[in-house]
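Novice: Sequence below, structure please.
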Amino acid sequence: MIKFDEPTGLVSDDGSEMTLKGVKAFGEINGLMLEMTIRQHYKNDSNKTLETTYTFPMAWGATFMSLN
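Specialist: As a prediction, the model looks like this:
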């Protein structure tokens with residue numbers, strides 16, 4: 001289980017937030033390697049374009065391989 005010490009989600013530099021509408025996770029274990037795909041869907045409820053900061057918590061020793 002991952003414990004979140006800070007709020008999760010997308011937040012713009014001015015503090016505006018995007019609403020998380022859904023999450024899907026798919027994983028496959030191959031030996032000691034776990035390949036995980038996480039799809040998150042957000043909705044911008046404002047009438048402006050938001051530039052956001054994305055924070056993704058990971059366990060110590062984990063390796064981040066790509067972001068699409």
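
Novice: shaky segments in this structure?
Specialist: 1-9, 53-54, 68 (pLDDT under 70).

Novice: any idea how far Asp14 is from Leu20?
Specialist: Distance from Leu20 to Asp14, counting by CB to CB, to the nearest Å: 19 Å. (Each C-beta comes from the backbone N, C-alpha and C, glycine too.)

Novice: who's more crowded, these two?
Specialist: Using other CB atoms under 10 Å, the more surrounded residue of Leu20 and Asp14 is Leu20, with 13 against 8.

Novice: Please report the distance of the more buried one from Leu67.
Specialist: Separation of Leu20 from Leu67 (CB to CB): 17 Å.

Novice: Kindly report the same for Val11.
Specialist: Distance of Val11 to Leu67, computed by CB to CB: 18 Å.

Novice: So which of the two has more stuff around it?
Specialist: Taking Val11 and Leu67 together and counting by other CB under 10 Å, Val11 has the greater number of neighbours (16 against 6).

Novice: bridging residues for that one?
Specialist: Glu17, Thr53 (DSSP bridges).

Novice: center of the protein, which residue is that?
Specialist: When CA atoms, centre = their mean is applied to the chain, the residue found nearest the centroid is Phe56 (5.1 Å).

Novice: who's sitting farthest from the centroid in this structure?
Specialist: Centroid-distance maximum for the chain: Gly31 at 25.2 Å, with CA atoms, centre = their mean.

Novice: Return the residues in contact with that residue.
Specialist: Gly31 makes no contacts at all, as judged by CB atoms under 8 Å, 6 or more residues apart in numbering.

Novice: what's the answer for Met18, then?
Specialist: By CB under 8 Å, 6+ apart, Met18 lies in contact with 9-11, 42-45, 50, 52.

Novice: so which of the residues you listed is the most crowded?
Specialist: Of the contacts of Met18, Leu10 is surrounded by the most neighbours, 18 neighbours in total, counting by other CB under 10 Å.
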